[in-house]
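Enquirer: Predicted model and sequence follow; I will ask about them next.
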Amino acid sequence: DSGVTQTPKHLITATGQRVTLRCSPRSGDLSVYWYQQSLDQGLQFLIQYYNGEERAKGNILERFSAQQFPDLHSELNLSSLELGDSALYFCASSVAGTPVTYEQYFGPGTRLTVT
Amino acid sequence: DAKTTQPNSMESNEEEPVHLPCNHSTISGTDYIHWYRQLPSQGPEYVIHGLTSNVNNRMASLAIAEDRKSSTLILHRATLRDAAVYYCILRDVSNAGKSTFGDGTTLTVKP
């Protein structure tokens, strides 16, 4: 158990809908990262928050947004969903803003299926 | 960003050592070498990281070439639970959280 929790575990929704994925980091970790893993793309970095502020942005679509709240939990919002958004979404946390000498801890993921 | 190259797959017998190679010929002086693994149906898991010197922890050892253009993750006694995809990633301050994991090496452990 990494200490990172993600809810829900599974999500099935229809195209055009909007969903919210939730992540609670390990106790004491200030950084939260979101990744998308699909069969043809591997594990892709989406966005990072550090202590409530956006720190880094990757290949995140404009239809997707995220935020980190004062209690450090984070939410990833996915809207106008398309079939291609079906994937595993992982949240990770680390104690520092730049996991160069620190490790990241990953949650169990949320499997999103868009039908 | 500096890239890494890993074999697509490797096989090992249970209780034998496994050496997983990673080439990173364009590594910069500030890049740390990180290894993560992903067991089936789970999120990635940190294994080890290093800069220049060889590193050991309870999970594995990391051997870094003198010119730092390659590294090897060593599992001293493979178990069935070590069957996973192993990712070698380079991280420095400018890209640390943004690094994409690539395809990794799928390790199969045979009983």
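Expert: That came through, no problem. Numbers count the residues shown, from 1 in each chain, chains lettered A, B, ... in the order given.
Enquirer: wait, isn't residue B:57 in contact with residue B:48?
Expert: Yes. With contact defined as Cβ atoms under 8 Å, residue B:57 reaches residue B:48; the gap is 5.5 Å. (C-beta placed from N, C-alpha, C; glycine too.)
Enquirer: Looking only at neighbour counts, state which of these two leads.
Expert: residue B:48 (21 against 11; other Cβ atoms under 10 Å in any protein chain shown).
Enquirer: any idea which element residue A:43 lies in?
Expert: strand A:42-50 (DSSP states H and E).
Enquirer: What of residue B:12?
Expert: In this assignment (DSSP H and E), residue B:12 forms part of strand B:9-13.
Enquirer: Flag every buried residue along that strand.
Expert: With burial defined by 16 or more other Cβ atoms under 10 Å in any protein chain shown, the residues of strand B:9-13 counted as buried are B:10, B:12.
Enquirer: okay, it in PDB with CA atoms only?
Expert: The C-alpha trace of strand B:9-13 is given here as PDB (Å, rounded to 0.1, in the frame of the first residue of the first chain):
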ATOM      1  CA  SER B   9      11.200  -8.100 -22.700                       C
ATOM      2  CA  MET B  10      13.400 -10.300 -20.700                       C
ATOM      3  CA  GLU B  11      13.000 -13.700 -19.000                       C
ATOM      4  CA  SER B  12      14.400 -15.100 -15.800                       C
ATOM      5  CA  ASN B  13      14.200 -18.200 -13.700                       C
END
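Enquirer: Pull up the residues of chain A that are close to chain B.
Expert: Within chain A, the positions adjacent to chain B are A:2, A:4, A:31, A:33, A:35, A:42-45, A:48, A:55-56, A:58, A:90, A:92, A:94, A:97-101, A:103-109 by Cβ under 8 Å from any Cβ of the partner chain.
Enquirer: Buried among those? Make that a PyMOL selection.
Expert: Filtering the residues of chain A next to chain B down to the buried ones (16+ other Cβ under 10 Å) takes a single PyMOL command:
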select buried, chain A and resi 2+4+31+33+35+42+43+44+45+48+55+56+58+90+92+94+97+98+99+100+103+104+105+106+107+108+109
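Enquirer: Show me the residues of chain A next to chain B that map onto strands.
Expert: Cross-referencing these against strands under DSSP state E gives A:31, A:33, A:35, A:42-45, A:48, A:55-56, A:90, A:92, A:94, A:105-106.
Enquirer: nearest to residue A:15, of those residues?
Expert: Here the nearest of these to residue A:15, counting by Cβ to Cβ, is residue A:44; it sits at 20.8 Å.
Enquirer: Report the contact partners of that closest one.
Expert: A:35-38, A:58-59, B:100 (Cβ atoms under 8 Å, 6 or more residues apart in numbering or on different chains).
Enquirer: what sits against the closest residue to it other than its chain neighbours?
Expert: With Cβ to Cβ, 6 or more residues apart in numbering or on different chains as the criterion, residue A:44 has its nearest non-adjacent residue at 5.0 Å, and that residue is residue A:36. The contact partners of residue A:36, taken as Cβ under 8 Å, 6+ apart, are A:43-44, A:46, A:87-90.
Enquirer: So for residue A:36, what's the pLDDT?
Expert: Note for residue A:36: predicted pLDDT of 95.
Enquirer: Please apply the same query to residue A:40.
Expert: Residue A:40 is given a pLDDT of 74.
Enquirer: about what we covered before: pLDDT for the contacts of residue A:36 - can I get that in CSV?
Expert: Converted to CSV, the contacts of residue A:36 look like this (pLDDT from 0 to 100):
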residue, pLDDT
A:43, 88
A:44, 90
A:46, 94
A:87, 96
A:88, 96
A:89, 97
A:90, 97
